[in-house]
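>>> Structure for the following, please:
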Amino acid sequence: MAARVVGIGMDYSATSKSALTWAVDNLIDGGDQIVIIHVLSPSSDPPTKQLFQDTGSPLIPLVEFREINVSRQYGLTPDPEVLDLLDTISRTKQVRVVAKVYWGDPREKLLDAAEQLKLDTLVVGSRGLGPIKRVLLGSVSSYVVQNASCPVTVVKGPPKPIKS
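Presented below is the predicted three-dimensional model:
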């Protein structure tokens, strides 16, 4: 099987971490490339935003992304748990891991990433909004599933605790 380019939407929420874990456990094979896709609010203003606002950042190799100064240049605060998982998968399965940062509407930027990066598949988390909230707030995952240029897997987040 040929190596694939697998995009994973990441905002460090529990649902995006679930999506990453699911992709690592069920989808990623040796030789694949994982692109961790961050979409930041247009109001965030890191130093590099002006350079890359239209196209997103260049691909950032994991070894550079781990450096706090590099992450801060893009307005990110990486999660140690996510970085450890990415380090482990890159070593154990010989997977290339890179990150890319976009600024704007997550719906549109995830679609841009699918096309620009020629993703073979995209994995995103779902907040599990009910039908009314989904209509009022809009669902990023629903929009991406309906409009992406590649197959999309939506991973539901961890179950919510039952209130007694």
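
>>> For Ala23, give its distance to Pro42.
When distance is defined by CB to CB, to the nearest Å, Ala23 is 27 Å away from Pro42. (C-beta placed from N, C-alpha, C; glycine too.)

>>> Kindly apply the preceding question to Asp29 instead.
Asp29 sits 35 Å away from Pro42, going by CB to CB.

>>> picking that back up, more neighbours: which of Ala23 and Pro42?
Ala23 (22 against 13; other CB atoms under 10 Å).

>>> Within the helices and strands, which one has the more buried one?
helix 14-26 (DSSP states H and E).

>>> What's the first helix or strand after the helix or strand harbouring Glu108?
Using DSSP H and E, Glu108 falls within helix 106-116. Downstream of helix 106-116, the first helix or strand assigned by DSSP H and E is strand 121-126.

>>> which is the next helix or strand following the helix holding Ala23?
Using DSSP H and E, the helix or strand that follows helix 14-26 in sequence is strand 33-40.

>>> next helix or strand past that next one?
helix 49-52.

>>> and Ser141, how far is that from Ser126?
Taking CB to CB as the measure, Ser141 falls 5 Å from Ser126.

>>> rewinding a little: need the contact partners of the helix holding Ala23.
6, 8-10, 34, 36, 79, 81-82, 85-86, 89, 123-128, 153, 155-158 (CB atoms under 8 Å, 6 or more residues apart in numbering).

>>> 7 Å instead?
Identification of contacts with helix 14-26 by CB atoms under 7 Å, 6 or more residues apart in numbering yields 6, 8-10, 82, 85, 89, 123-127, 155, 157-158.

>>> looking at the chain, which helix or strand is least sure?
Scoring the helices and strands of the chain by mean pLDDT, DSSP states H and E places helix 131-137 at the bottom, with a mean of 47.

>>> which strands and helices sit next to the helix or strand following that helix?
Sequence order places helix 140-147 as the next helix or strand after helix 131-137, per DSSP H and E. If you count contacts as 3 or more CB pairs under 7 Å, 6 or more residues apart in numbering; DSSP states H and E, helix 140-147 packs onto helix 106-116, strand 121-126, strand 152-156.
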